[in-house]
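**Q** here's a sequence, model it:
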Amino acid sequence: MIRINLLREELRKPPSLMWQFWLYVGTVVLVIGCAGYIHWTQTGKINKLEQEKARLNREAKMYAKYEKLLKDFKKKKAELDRKKAIVAQLVRDRDNVVRLLALLTVEVPEGKVWIERLTFSDNKATIRGYAKNDESVVEFIRSLESTPYVGRDRVNLVRTETKVYHGVGLKQFEMNFPVKPYSSILMAEKGM
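**A** Numbering: from 1, shown residues only. All right, here's what the predicted structure looks like:
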């Protein structure tokens, strides 16, 4: 059996090109509109950021002079602190010569050792003098080394020789030794 369709087929119209054209135009306009909106918002943000940058640059220039002043003040403060430390050290140890002379007054064996010359600089003393004999020189050295100002094994005997002084044979000696400042002795006693 054969089927026959007696109804007329509707003719299909091809899709309208106008509709496609308007769809294309609408899409282009929509994309251009979105791109324009994004461009407009980003341009606004960029302008705000440029204004903020300009304001920050003005502030940085304003604070730059203060930063320079701060650096200058820090340098001056460091210099003053250094000078202050030097002055404090000098004040603490200004009586070193007097303390050395007092030490020698106590430690020189009476009637056995005579000091001819004493030189003191940079906390180092050099003594040249005469003694009755070698034992007197050794006694003087031991006496000095027993004090906290000199310390053990710090006296350096440079030379000794026998000289005749006013008809008497005496030992001429020369020695040097470092002298600890009183401030360092105090610090050692305090355990600093």
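**Q** quick check: domain ranges of this structure?
**A** 28-92, 96-190 (automatic domain parsing).
**Q** just give me the residue right at the centre of the protein.
**A** Ranked by distance to the mean C-alpha position of the chain (C-alpha atoms, centre = their mean), the top residue is Ala78 at 10.2 Å.
**Q** one step back: among the domains of the chain, which is nearest Ser16?
**A** Minimum separation from Ser16 across these (C-beta to C-beta) falls at domain 28-92, 18.5 Å. For the C-beta atoms, the positions are set from N, CA and C on the backbone; glycine is no exception.
**Q** sorry, back to before: tell me which helix or strand comes right after the helix or strand harbouring the residue nearest to the centre of the chain.
**A** Taking DSSP states H and E as the criterion, Ala78 maps to helix 17-92. Downstream of helix 17-92, the first helix or strand assigned by DSSP H and E is helix 96-107.
**Q** how far is that following helix from where the chain is centred?
**A** Counting by C-alpha atoms, centre = their mean, to the nearest Å, helix 96-107 is centred 38 Å from the centre of its parent chain.
**Q** touching it from outside, list them.
**A** 115, 118, 120, 123, 125, 127, 140, 143-144, 147, 149-150, 179, 181-182 (C-beta atoms under 8 Å, 6 or more residues apart in numbering).
**Q** strand partners of the very next helix or strand once past it, parallel vs antiparallel please.
**A** As assigned by DSSP H and E, the chain's next helix or strand after helix 96-107 is strand 113-121. Looking at strand 113-121 with DSSP bridges, its partner strands are strand 124-131 (antiparallel).
**Q** what's the angle between the next helix or strand after the strand it pairs with and strand 113-121?
**A** Using DSSP H and E, the helix or strand that follows strand 124-131 towards the C-terminus is helix 134-145. If you take axes from the mean of the first three to the mean of the last three C-alpha atoms, to 10 degrees, helix 134-145 sits at 40 degrees to strand 113-121.
**Q** in helix 134-145, which residues are buried?
**A** Buried positions in helix 134-145, judged by neighbour count with 16 or more other C-beta atoms under 10 Å: Ser136, Val137, Glu139, Phe140, Ile141, Ser143, Leu144.
**Q** so what touches it?
**A** With C-beta under 8 Å, 6+ apart as the test, helix 134-145 has contacts from 103, 107-109, 112-113, 131, 150-155, 157, 160, 171, 173, 175, 177.
**Q** narrow those to those that are buried.
**A** By 16+ other C-beta under 10 Å, the contacts of helix 134-145 give Leu103, Glu107, Val108, Val113, Ala131, Val150, Gly151, Val155, Lys171, Phe173, Met175, Phe177 as buried.
**Q** how far is the one helix or strand in the chain whose mean pLDDT sits lowest from where the chain is centred?
**A** Ranked by mean pLDDT, DSSP states H and E, the weakest helix or strand in the chain is helix 182-190, scoring a mean of 76. Computed by C-alpha atoms, centre = their mean, the chain-centroid distance of helix 182-190 equals 26 Å.
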